[in-house]
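> turn this into a structure:
(chains A and B)
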Amino acid sequence: MIERIRHLGQQGCALLEALGRAGIFLGQSALGVPSREGFHLWLRQMHFVGVMSLAIVLVSGLFIGMVLALQGYTILVDFGAEQALGQMVALSLLRELGPVVSALLFAGRAGSALTAEIGLMKATEQLTSMEMIGVDPLRRVVAPRLWAGFVALPLLTIGFSVVGVWGGQLVGVEWLGVFEGSYWSNMQSSVAFVADVGNGLIKSLVFALVVTWIAVFQGYDLIPTSEGISRATTRTVVYSSLAVLGLDFVLTALMFGELS
Amino acid sequence: MKRSKTMELGVGLFMLAGIVGLVFLGLRVSGLSLSLPSDTFQLEANFANIGSLKPGSRVALAGVTVGRVESIELDTEWYDARVLMELDGQLEGQLPQDSTAAILTSGLLGEQYIGLSVGGAPETLADGDTLRDTQSAIVLEELIQKFVSSMIKE
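Alright, predicted model coming up:
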């Protein structure tokens, strides 16, 4: 019995230690002074993390917007309210699906790759060699990736929502025959820029920080074996997905809970 | 070096696309207009019941949107709702004094908005004036109650 309690305490301490390490790690790498060379490193990561993720995010956004319009239409048409399709598609995309689905895709597409890359650098002792020649690996390797993820995900989320709204118009207006004017005007009268677009962006900034942080930390903190790398990559995807979904509920409760 | 240039171009285009997307979300999706806030004027109206009117609901004249509901508060003197509307500056000094405001519903289940109708008096409404003649929102339960009580009387 006592042994079990001790074991529980051990796990608690380990958890707190990991959180503390992750916090110090975030502070040290984010506060690195930007230099001209740092900008180029950031640019390279932006290309990998942002531009290369564009295709999967945009295609998913298109299909999700189209599905939303199709499902929304079959429900709304029962109430004779298919004119409200635009507002349904836009609000679900801007408030929830845009930030959340892009963050999940981002964790799978870019987060896992970041973990594996940094993990392999650690396993092959590249990080230690950098320290040996006096280069701070936090600033050289981690900081550009962190900042690139933080900037790229909100941009991807915007793209996701725009393409989703277009996909909704494609299905709702072109295919199902909702009047185009009411699709857009209902959308415009019900979507508020600060409350809906702004809050969606704040959500995706938070998700960007959390997902990239988890990804680079898992890579930096893993056990440097091939098994360790695979475990850490899995953990990145699992932890970031759970964190995104959990935080989404908290943020939604804070932002939209007392709206009406 | 050549590859780095194309990479820079790609990232630049990516960020530009993001900004363009944000502008699209602002202008096309949330209907933000770039007009200056100065060319508007305010009117007040008291309603016995506002139904589900909200700040931000539209104000229409002959079906054309001419403004928005700015704020709604309870008037503790008369115990009715005082609605502050912000209207297009073009209409300042154009609406007759006996114009009326009614709370209408767009479609069967649509949102509620204020419909203005123009009166015939020579005097016109200025900034901060109050519309006297108003018509409350139709509440479905009250309608049903009236209908049922008239059925019983028969």
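
> burial of residue A:25, as a residue count?
18 (other Cβ atoms under 10 Å in any protein chain shown). Using the backbone N, CA and C atoms, a C-beta is placed for each residue, glycine as well.

> per-residue pLDDT, residue B:58?
The per-residue pLDDT reported for residue B:58 equals 82.

> spell out which helix or strand contains residue B:51, please.
Element membership of residue B:51, judged by DSSP states H and E, is empty: it is in no helix or strand.

> can you verify my assumption that it contacts residue B:112?
Yes - Residue B:51 lies in contact with residue B:112 (Cβ atoms under 8 Å); the separation is 5.2 Å.

> neighbour count for these two, which is higher?
With other Cβ under 10 Å as the criterion, residue B:51 and residue B:112 differ in neighbour count, and residue B:112 comes out ahead with 19 against 16.

> any idea how far the residue in chain A that chain B sits nearest to is from residue A:229?
Evaluated by Cβ to the nearest Cβ, chain A has residue A:188 as its residue closest to chain B, separated by 2.8 Å. When distances are taken as Cβ to Cβ, to the nearest Å, residue A:188 and residue A:229 turn out to be 49 Å apart.

> neighbour count: those two, which is higher?
In terms of neighbours (other Cβ under 10 Å), residue A:229 is the more surrounded of residue A:188 and residue A:229; the figures are 22 against 18.

> in what helix or strand does that one lie?
Taking DSSP H and E as the definition, residue A:229 sits inside helix A:226-256.

> same check, this time on residue A:98
When the helices and strands are read off by DSSP H and E, the one containing residue A:98 is helix A:98-106.

> how many neighbours does residue A:61 have?
By other Cβ under 10 Å, 28 other residues sit near residue A:61.

> list the contacts of it.
Contact criterion Cβ atoms under 8 Å, 6 or more residues apart in numbering or on different chains gives A:93, A:98, A:101, A:102, A:159, A:160, A:161, A:162, A:163, A:164, A:167 as the residues in contact with residue A:61.

> out of these, flag the one nearest to residue A:241.
Closest approach between the contacts of residue A:61 and residue A:241, by Cβ to Cβ: residue A:101, at 11.0 Å.

> wait, isn't the closest one in contact with residue A:65?
No - judged on Cβ under 8 Å, residue A:101 makes no contact with residue A:65 at a distance of 10.9 Å.

> please list all residues in contact with residue B:39.
Residues in contact with residue B:39, defined by Cβ under 8 Å, 6+ apart, are B:88, B:89, B:90.

> go again with 10 Å.
Listed by Cβ atoms under 10 Å, 6 or more residues apart in numbering or on different chains, the contact set of residue B:39 reads B:88, B:89, B:90, B:92.

> the second one and residue B:66: what is the separation?
When Cβ to Cβ is applied, the distance between residue B:89 and residue B:66 equals 10 Å.

> the third one too?
When Cβ to Cβ is the yardstick, residue B:90 and residue B:66 sit 8 Å from each other.

> more neighbours, the two?
When residue B:90 is set against residue B:66 and neighbours are counted by other Cβ under 10 Å, the residue ahead is residue B:66, at 19 against 11.

> elements contacting the helix or strand encompassing that one?
Assigned by DSSP H and E, residue B:66 belongs to strand B:64-75. Contact analysis of strand B:64-75 by 3 or more Cβ pairs under 10 Å, 6 or more residues apart in numbering or on different chains; DSSP states H and E lists helix A:180-190, strand B:40-47, strand B:58-61, strand B:80-88, strand B:112-117 as its packing neighbours.

> make TSV from those and add distance to residue A:250 to it.
What follows is the helices and strands packed on strand B:64-75, written out as TSV (distance: least, Cβ to Cβ, whole Å):
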stretch	distance to residue A:250
helix A:180-190	25
strand B:40-47	38
strand B:58-61	33
strand B:80-88	34
strand B:112-117	32
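
> thank you kindly, that will do.
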